[in-house]
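Asks: Provided below are the primary sequence and the corresponding predicted coordinates.
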Amino acid sequence: MKIILVIFFCFIIYCNSFGQCESRIQLSGTWTGKVEGHPIKFEILEKDPNSITFSFINFQNERFTILKSDVTANEKNEFIISIKEAKFSSQRYEDCIFSTGTLTLSDVLHSSMRLNLKSVGPTCFISYDVLMNMNDIKDLTLTKEKSNK
């Protein structure tokens, strides 16, 4: 009886693990939406199962990429991304490295989801009159772009 319970328990763990991988794969791709009337893209690129990159691309084609993060899922079926390292792609802002913030993906379906980005900071001072930051985003609805594959 103990052996059957151990096998059953292992099967449940395997299925839960597989289900999470399946969800992550479905998230991969480019998602679009609008922030304050301007278009924005959100890319999720999965290089391998342990390496996922998240990027925001604004209407001026500036890219904000989350390079290091911890991804977890909660009981509400939300994906919580704790930002450890993020930066803008422009050479001008190469010294601006952000190390805090939380990205939450919720209401995830095959073709839409909701995104919240909170407290990515601190603000990066480039010179006395130039500063750079990534503003908070609240309840942004994103739609998945169709793949050309």
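Replies: Structure's in. What do you need? As the structure is a computational prediction, the values presented were derived from the model and not from experiment. Numbering: from 1, shown residues only.
Asks: ok, which stretches of the chain are helices?
Replies: For the chain, applying DSSP state H gives helices covering 2-27.
Asks: quick one, strands of it?
Replies: 29-35, 38-48, 51-57, 63-73, 79-88, 97-98, 102-106, 112-118, 120-127, 130-134, 137-144 (DSSP state E).
Asks: Rebuild those strands as CSV, extending it with mean neighbour count and mean pLDDT.
Replies: Quick note: C-beta positions are derived from backbone N, CA and C, even for glycine. Listed next are the strands of the chain as CSV, based on neighbours: other CB atoms under 10 Å; pLDDT from 0 to 100:
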stretch, mean neighbour count, mean pLDDT
strand 29-35, 16, 93
strand 38-48, 14, 90
strand 51-57, 17, 90
strand 63-73, 15, 91
strand 79-88, 18, 91
strand 97-98, 18, 84
strand 102-106, 18, 94
strand 112-118, 18, 93
strand 120-127, 14, 68
strand 130-134, 15, 70
strand 137-144, 15, 93
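Asks: Nearest residue to the middle of the protein?
Replies: What sits nearest the mean C-alpha location of the chain, by CA atoms, centre = their mean, is Phe54, with 4.6 Å.
Asks: That residue and Leu103 touch, don't they?
Replies: Yes: using CB atoms under 8 Å, Phe54 is in contact with Leu103, at 6.6 Å.
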